[in-house]
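1. below are the sequence and a predicted model for it; my questions follow.
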Amino acid sequence: MDQNVKAYAEEKVKEMIAAASCCAEAKAAGQSWLDALGTEKEAEQTKALIAELEEDVMPIDGLLAFAGSEAGAQVFGAEMAKQVEAHAKDLKASGAKYCDCPACAAVAAILEKKDELLA
């Protein structure tokens, strides 16, 4: 793995872990990957990290559906859910593939380097 790509991914994994919007599974996968850097488990943990992140990143259509649902209103509060839904519509209109919360933004950045990370 290219050292520049590794350093970039390390920075983004740390951003992801620090994000309040990051789920427990992604945090655990990220920490396991960080712990494995420079060890014989690095390649295995890289594969595990990518697999977890592909499951956890919120596609824009999923965000739209969630924000517009009763569950979204319960999580965000009714007014904030409306704002999130409107924001998601704007994101989709601009061509975004994923949610742009801090965790998803970091995950999307990592996944952009997926092929290089797995090489």
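-> Nice, I can see it.
2. now the phi/psi pair for M58, please.
-> Note on M58: backbone dihedrals following degrees, to the nearest 10 are phi -90, psi 110.
3. ok, the residue lying closest to it once chain neighbours are set aside - contacts?
-> Leaving aside its chain neighbours, M58 sits nearest to C99 (3.9 Å; criterion: Cβ to Cβ, 6 or more residues apart in numbering). (Glycine included, C-beta is placed from N, CA and C.) Neighbouring residues of C99 by Cβ atoms under 8 Å, 6 or more residues apart in numbering: V57, M58, P59, I60, G62, L63, A88, L91, A105.
4. please redo it, this time with the cut-off set to 10 Å
-> By Cβ atoms under 10 Å, 6 or more residues apart in numbering, C99 lies in contact with 21, 57-60, 62-64, 66-67, 84, 87-88, 91, 105, 107-108.
5. any idea which residue of this protein is furthest from its center?
-> E40 (25.2 Å; Cα atoms, centre = their mean).
6. a helix runs through that residue, doesn't it?
-> No. Going by DSSP: H, G, I helix; E, B strand; the rest coil, the assignment for E40 is coil, not a helix.
7. start at 701, not 1
-> Fine by me, first position is 701 from now on; the one you just mentioned is E740.
8. run through the residues that contact it.
-> Contacts of E740 (Cβ under 10 Å, 6+ apart): none.
9. may I have the phi/psi pair for it?
-> The phi/psi pair for E740 (degrees, to the nearest 10) reads phi -70, psi -10.
10. and if you look at P759?
-> Note on P759: its backbone torsions stand at phi -60, psi 150 [degrees, to the nearest 10].
11. check Y798 too.
-> Dihedral pair for Y798: phi -130, psi 160, per degrees, to the nearest 10.
12. same deal with K712?
-> phi -70, psi -40.
13. is it true that it touches L734?
-> No. Using Cβ atoms under 10 Å, K712 makes no contact with L734, being 11.2 Å away.
14. read off the pLDDT value for E744.
-> E744 carries a pLDDT value of 97.
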